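Asks: Any chance you could fold what I've pasted below:
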Amino acid sequence: MLKIHQFFISRFLILFIGTLLVTSLISYTALKSIIIEHSKNNLQNAITLMGLELESIEDLEKYSQLIHEKTQLRVTMVDRDGWVIAESNHDKKDMDNYSSRYEIMQANREDFSHVVRYSKTLKIDFLYVAKKFKYQGKDIYLRLSTSLVHIMQDFYSLWSKLAIVFLFVILLAFYLSKVMSEKILYDIKQITNFLDEMSNKNYKAVIKTKYFYEFLEISLMLKNLVKKLTSREKQKRKYTARLRLMNKQRNDILSAISHEFKNPVASIMGYAQTLQGDPDISPKIRKKFLDKIGSNGEKISKMLDRLALSVKLENKDLEAKLSEFDMKILCEEVVLNLGLKYKYRDINIDAQKTIITADKTMMELVLINLIDNALKYSELDVNVVLKDGRISVEDMGVGILEEHLDKITGKFYRVKKNSWDNSMGIGLAMVSYILKMHSSQLDIASTFSKGSTFSFDLKEIEKK
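Replies: This is a model prediction of the structure:
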């Protein structure tokens, strides 16, 4: 099977050679006709000149011989009955009657008659031209003839020269076809190499076609295709990364929920099984166990509420209900309430009066989460500072490794055991969502084993 460049080159050569052969045949026929026509005209001119002096000629036989010697033309004179009365090349006595010859009959109807006829005797073609004249009051026919051998020899000589030119042109066409084939092959090779690189996902491959505009257009289209494929590949990688992240988050959610719900659920089941297994248990212990079951159920309910609240905050399903209040008073209320929960812990507060316009319930949730985390993960005092429009919650607990600082505010993010552990991983995420709604953000500074400081700015909130 031919390759595309071989197909086009072979078809080009076939078309070119075919055109050349047809042109040669047409030119051969045309040139031959032109040469014969030219010879005919010469003979007609010679007959016309002979006719001018025919009346003055007394001996037609000698006159015929003289013309033949001067022009190498065969001269034949025929009377009206078709008998030869003068002949330059043969004995007229041995010649047949010419009345049935085409050129003689045609001379009766036309000014000049002519015909090309093959001589069986000499085995060559002759051109005959005849004209009717008046000689001494009688009609005679003057016929001149010439062999076409010399005429065709001249023609073949000319044709051989043309054939050499045609051969040179064919060889030149073969050479140009070879050069064109190499150029086509080069451009095709560039495109096939580029497609091979694309199949291997090498989208940085280079294509450089040099010779043909059509291949240049194809290369430009391929480059545009590569750009689209590259863009789609990036989108595919992003989509894959997003799916992996979603799977990781789903696993984190399940892990966090399982981790946090395990203890209260286990407690509820343990107390319930104990009550079921001992119907005669004392009322005092029964009440204690039921209280434990209720507190653990309430704990599960609060965790579910926190989870639902974090989802709403993330999806922006909650709108802030703005009101004006003193942040100092809110801080004192939160510290007081948490002091009742952590009776044996000290929470120090140093606050200035700061009036802001915000959602009071959400800001309370922020303070509760930050202070509660500080109390959980430190055994020493916790300091709450409100100065110059900025709130800071400081602890001297276990601290947070630097590698986790930029991740702990992510939803459901948890770190290794004995390091930072922010419950289900939604507390700090909720804080970040709420502060973002109030045009602020949570800043975390921590040194592992020395303590942490969680702070955020109220200046933008104050401007509302």
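Asks: how close does Ser39 get to Leu144?
Replies: Distance of Ser39 to Leu144, given as CB to CB, to the nearest Å: 10 Å. Backbone N, C-alpha and C define where each C-beta goes, glycine included.
Asks: which one of the two has more residues nearby?
Replies: Between Ser39 and Leu144, Leu144 has the larger neighbour count (other CB atoms under 10 Å), namely 24 against 18.
Asks: and the more buried one, bridged to which residues?
Replies: With DSSP bridges as the criterion, Leu144 is bridged to Val75, Val129.
Asks: do the same with Val384
Replies: Ile349, Val393.
Asks: What is the burial count for it?
Replies: So Val384, with other CB under 10 Å, has 22 neighbours.
Asks: what's Lys321 in contact with, if anything?
Replies: Asp359, Thr361 (CB atoms under 8 Å, 6 or more residues apart in numbering).
Asks: Pull out the buried positions in stretch 58-71.
Replies: If you call a residue buried by 16 or more other CB atoms under 10 Å, then stretch 58-71 has these buried ones: Leu60, Tyr63, Ser64, Gln65, Ile67, His68, Thr71.
Asks: Touching that stretch from outside, list them.
Replies: Taking CB under 8 Å, 6+ apart as the rule, stretch 58-71 contacts 46, 50, 57, 73-77, 85-89, 92, 135.
Asks: just checking, what packs against the helix or strand bottoming out on mean pLDDT in the chain?
Replies: Here the helix or strand of the chain ranked lowest by mean pLDDT, DSSP states H and E is helix 459-462, holding a mean of 70. Contacts defined by 3 or more CB pairs under 8 Å, 6 or more residues apart in numbering; DSSP states H and E place helix 459-462 against strand 355-359.
Asks: Out of the buried residues of stretch 58-71, which is nearest to Val206?
Replies: Among those, Thr71 lies closest to Val206 (CB to CB), at 78.6 Å.
Asks: Quick check: the gap between Ile85 and Ala272.
Replies: Distance from Ile85 to Ala272, by CB to CB: 156 Å.
Asks: quick one, which of the two is more surrounded?
Replies: More crowded of Ile85 and Ala272, by other CB under 10 Å: Ile85, with 17 against 14.
Asks: and that one, backbone torsions?
Replies: phi -110, psi -10 (degrees, to the nearest 10).
Asks: Please report the distance of it from Ser100.
Replies: To Ser100, Ile85 is 17 Å away according to CB to CB.
Asks: again with Lys227
Replies: Lys227 is 89 Å from Ser100, by CB to CB.
Asks: wait, Val149 sits on Ile124?
Replies: Yes: taking contacts as CB atoms under 8 Å, Val149 lies within contact range of Ile124: 5.1 Å.
Asks: list residues touching both of these two?
Replies: Common neighbours of Val149 and Ile124 (CB under 8 Å, 6+ apart) do not exist.
Asks: what ranges do the helices span in this protein?
Replies: 4-52, 60-71, 102-107, 148-199, 213-277, 283-314, 327-341, 360-376, 427-437, 459-462 (DSSP state H).
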